[in-house]
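>>> Got a sequence here, can you build the structure:
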Amino acid sequence: QVQLVESGGGLVQAGDSLRLSCTASGRTFGTYPMGWFRQAPGKEREFVAASSGVRTDYSDSVKGRFTISRDNAKKTVYLQMNSLKSEDTAVYYCAVRTIASLTTLYRTESDYHYWGQGTQVTVSS
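Next up, the predicted model:
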């Protein structure tokens with residue numbers, strides 16, 4: 001069993017930055033692929049970023065503005081969000097795939113086994 005707890009969301013203005021954190025408990029963390037997804041009001045949940053431990057992947061909508069990173073000793077994955085736009089407003093979720101891989105990246109929700117409760121990010125224009 002893995003528990004994920006996100007934090008760092010809030011209300012910011014367009015152009016501002018935020019850093020989301022997601023801390024895992026329960027199992028070895030370092031070799032598990034991690035992902036960030038988001039769900040805006042009235043829309044389906046969508047992929048944002050993924051980390052395999054040595055590789056990263058981003059959706060086109062956030063590439064160049066968001067950075068995913070991880071601190072394996074702290075069992076924490078981060079999402080640094082810069083140059084925020086109103087269309088980034090959503091509930092952000094982290095997820096973990098509990099099958100070890102250092103190279104494969106996953107963009108599909110069904111590839112992940114555990115999810116956090118989500119943290120709200122609101123960007124005012």
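
>>> which residues sit in contact with the residue lying closest to residue 17 once chain neighbours are set aside?
Closest residue to residue 17 apart from its sequence neighbours, by C-beta to C-beta, 6 or more residues apart in numbering: residue 82 at 4.7 Å. Every C-beta, even on glycine, is put in place using the N, C-alpha and C of the backbone. Residues near residue 82 by C-beta atoms under 8 Å, 6 or more residues apart in numbering: 17, 65-67.

>>> now the most centrally placed residue in the chain: how far from residue 110?
What sits nearest the mean C-alpha location of the chain, by C-alpha atoms, centre = their mean, is residue 36, with 2.3 Å. Plainly put, residue 36 is 16 Å away from residue 110 if you go by C-beta to C-beta, to the nearest Å.

>>> try residue 49
Taken as C-beta to C-beta, the span from residue 49 to residue 110 is 17 Å.

>>> In terms of neighbours, single out the busier of these two.
When neighbours are counted by other C-beta atoms under 10 Å, residue 49 and residue 110 differ, and residue 49 comes out ahead with 26 against 6.

>>> sorry, back to before: can you lay out the contacts of residue 82 as TSV showing secondary structure?
Shown next, in TSV, are the contacts of residue 82 (DSSP: H, G, I helix; E, B strand; the rest coil):
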residue	secondary structure
17	coil
65	coil
66	strand
67	strand
